[in-house]
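In: Predicted coordinates and the sequence they were generated for:
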Amino acid sequence: METKITSVRNEKVRFISLLQQKAAERKKSGLFAAEGLRFVMDTPTQFMQELFIREDLDLQIRSDLENRFPGIPVSLVTSPVMEKMADTRSPQGVMALVKMPSYSAEEIISGSGKPLIMILEDIQDPGNLGTIFRTAEAAGVTGILLSGGCVDVFNPKVIRSTMSAVFRMPFALCSDLPEAVSKLKDKGIIVCAAWLRGSVPYDSLSYLSGTAFMIGNEARGLTEELAASADEKIRIPMEGEIESLNAAISAGILMYEAYRQRRSAGV
């Protein structure tokens, strides 16, 4: 069923605008706003709540969307309405109201096999967090644990940066990361802290068994307490006068070293 929205004061328009701006509103409703044709098309059907399509959008694109999500309510909107709802300056003309994926820390910690887990402490930059999600999927990571000090996963900028990996990469907020680390170690998972003062080169260890990497805040790195809980404090060697690497770059290097080892060993 299609409806038409022409007023920027429409209740749905106001709600979506609020979702774009307020993490508390997203948490309260369990919903977030997704933008762009590719991201919307990548959304699993079980999470899709409602589609919003600009009225002048190509008819074939509209048909593709409606065929992709049969039975999902569709609202055709004017350009001013789309601009009001969008977080981007030049919206593509496709938006959706989407249910948040939800996992527990226990699900990620208790996974079987030889897990590869990222533990993120207070990552604040939306682009960094989204890039870590995207790279994690590509490198075969099995789950991500985040401290409460991390930027909201459903922040519009994070969502765009994930390139829809947010739907496929299990993740959970963790109120007590040291406790989570203790549980991982009890399962025989080696926990490695990316640490500027680390003494072990990152590529000198084996990551063929269950492994977790800890990455800290962009400015401060890991807290002393969390770093102290690690089995190994590893470092990424650097030339020149650079003091540290971007958090997402550091995470990517570590994830892909584990992936390289596992591919080579056929794990």
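Out: That came through fine.

In: contacts and neighbour counts: CA atoms only from here.
Out: Will do.

In: Tell me how many other residues surround Gly111.
Out: Residues lying near Gly111 (other CA atoms under 10 Å) number 14.

In: Okay, it and Gly143: tell me how far apart.
Out: In this view, Gly111 and Gly143 are 9 Å apart by CA to CA, to the nearest Å.

In: for Met48, same thing?
Out: Taken as CA to CA, the span from Met48 to Gly143 is 23 Å.

In: And the two? Which one has more around it.
Out: Gly143 (25 against 20).

In: contacts for the longest helix anywhere in the chain?
Out: Secondary structure of the chain read by DSSP state H shows that its longest helix is helix 247-265. With contacts defined as CA atoms under 8 Å, 6 or more residues apart in numbering, helix 247-265 is touched by 123, 128-129, 131-132, 135-136, 139-141, 194, 202-203, 206-208, 213, 215-218, 236.

In: what does stretch 62-82 give?
Out: Contacts for stretch 62-82 (CA under 8 Å, 6+ apart): 1-8, 13, 41, 45, 48-56, 91, 93.

In: Buried subset of those residues, written for PyMOL?
Out: To isolate the buried ones among the contacts of stretch 62-82 in PyMOL, judged by 16 or more other CA atoms under 10 Å, type:
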select buried, resi 5+8+13+41+48+49+50+51+52+53+54+55+91+93
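
In: So which of the contacts of stretch 62-82 sit within helices?
Out: 13, 41.

In: Could you give the separation of the longest helix of the chain from the chain centroid?
Out: 18 Å (CA atoms, centre = their mean, to the nearest Å).

In: do the same with stretch 194-202
Out: Worked out by CA atoms, centre = their mean, stretch 194-202 lies 25 Å from the chain centre.

In: Repeat that for stretch 75-83.
Out: 27 Å.

In: now the end-to-end length of that stretch.
Out: 14 Å.

In: same check, this time on stretch 74-86
Out: 16 Å.

In: For that stretch, buried residues please.
Out: Buried, per 16+ other CA under 10 Å, within stretch 74-86: 74-79, 81-86.

In: Tell me where the stretch 101-250 of the chain has strands.
Out: For the stretch 101-250 of the chain, strands defined by DSSP state E, counting those that start in this stretch occupy the ranges 116-120, 143-147, 171-174, 190-194, 200-201, 211-215, 232-235.
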